[in-house]
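Enquirer: pasted the sequence and its predicted model underneath.
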Amino acid sequence: MADAPVPPNGLIWAARLAVGGSLLCLTLIALLHALEPEFNDSNATSEYALGDFGWLMNIAFFSGAAGIGALAFVLRRSVARSKPAIAGVVLLSLAAVAYLFLGAGNIDPPGAEETTSGLIHGIGFLLGLPTRLAAPLVLAVAFRRDERWAHHRRLTLALGIAALVAEAAGFMDLAGVVTLRLALALWLVWIALTGARALTRGYSPR
């Protein structure tokens, strides 16, 4: 059996950043549950940015942006070109931009007047929610058309559907504190696993 092609350094480092950035984001959010328990009953994890350790929430968003953007770069270079692949990469790129907005502006406290910071954060939320929910579902279609990524399709589809269902449950106020956090966690885990897939399979540029 021939050895898997070794990707160039740029793809290797981007894949590592996809894994590291998403896992750091997830880890910091989990840590904030212990550091700022007063926000644990809020549906919006963004409210952790309002506490004494709020700067960790900003770092979480920025690290998430780096990981998402890095994965977009990896997939742009390694997945067979198709309309679903292009759409998926665009969705990931927009999600990365959204996370930059989320980190650049803090959410306004409940009942407070709208601020510029809150407006920036709101733009990030409105841009990030649909793009992060749609990206795995669209890329699952793209992966089916590329034999190098076909085995990652089922996991992508499963995590994408699970995140969508959890998000919908949260918006219907069905254990929203849990389901909305679960949706975010599933999304970040998918980013990390997809970056790891690129590393372990040794994908070369298409």
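Expert: On my side now, so go ahead. Numbering: from 1, shown residues only.
Enquirer: what residues are up against Val138?
Expert: Each residue near Val138 by C-beta atoms under 8 Å, 6 or more residues apart in numbering is listed here: Pro84, Ala87, Gly88, Leu91. (Glycine included, C-beta is placed from N, CA and C.)
Enquirer: got it, and His151?
Expert: Going by C-beta under 8 Å, 6+ apart, the list of residues near His151 is empty.
Enquirer: so for it, what's the pLDDT?
Expert: What the model reports for His151 is a pLDDT of 94.
Enquirer: phi first, then psi, for it.
Expert: With angles defined as degrees, to the nearest 10, His151 sits at phi -70, psi -10.
Enquirer: cool, Asp52 as well?
Expert: phi -60, psi -30.
Enquirer: what residues are up against it?
Expert: When contacts are taken as C-beta under 8 Å, 6+ apart, Asp52 is in contact with Leu35, Glu36.
Enquirer: now with 7 Å, please.
Expert: Applying C-beta atoms under 7 Å, 6 or more residues apart in numbering to Asp52 gives the contacts Glu36.
Enquirer: repeat that for Ala85.
Expert: Going by C-beta under 7 Å, 6+ apart, Ala85 touches Val79, Ala142.
Enquirer: try 8 Å
Expert: Neighbours of Ala85 in contact, by C-beta under 8 Å, 6+ apart: Leu75, Val79, Leu139, Ala142, Arg145, Asp146.
Enquirer: any regions of this protein where pLDDT drops low?
Expert: 1-7, 202-206 (pLDDT under 70).
Enquirer: and with 90 instead?
Expert: 1-10, 110-112, 145, 173-176, 200-206 (pLDDT under 90).
Enquirer: mind listing residues that contact stretch 160-176?
Expert: With C-beta under 8 Å, 6+ apart, stretch 160-176 has contacts from 43, 129, 132-133, 135-137, 140, 179-180, 182-183, 186-187, 190.
Enquirer: list buried residues within those residues.
Expert: 132-133, 135-137, 140, 179-180, 182-183, 186-187, 190 (16 or more other C-beta atoms under 10 Å).
Enquirer: from the residues you listed, which land in helices?
Expert: Cross-referencing the buried ones among the contacts of stretch 160-176 against helices under DSSP state H gives 132-133, 135-137, 140, 179-180, 182-183, 186-187, 190.
Enquirer: of all the residues you listed, which comes closest to Leu159?
Expert: Trp190 (4.4 Å; C-beta to C-beta).
Enquirer: how many other residues sit next to the closest residue to the closest one other than its chain neighbours?
Expert: Leaving aside its chain neighbours, Trp190 sits nearest to Leu159 (4.4 Å; criterion: C-beta to C-beta, 6 or more residues apart in numbering). When counting by other C-beta atoms under 10 Å, one arrives at 20 neighbours for Leu159.
Enquirer: buried sites along the helix or strand containing Leu159?
Expert: Element membership for Leu159 (DSSP states H and E) is helix 153-171. Within helix 153-171, the residues that count as buried by 16+ other C-beta under 10 Å are 153, 155-157, 159-160, 162-164, 166-167, 169-170.
Enquirer: and which of the residues you listed is nearest to Leu102?
Expert: The shortest gap between Leu102 and any of those belongs to Glu167, at 15.7 Å (C-beta to C-beta).
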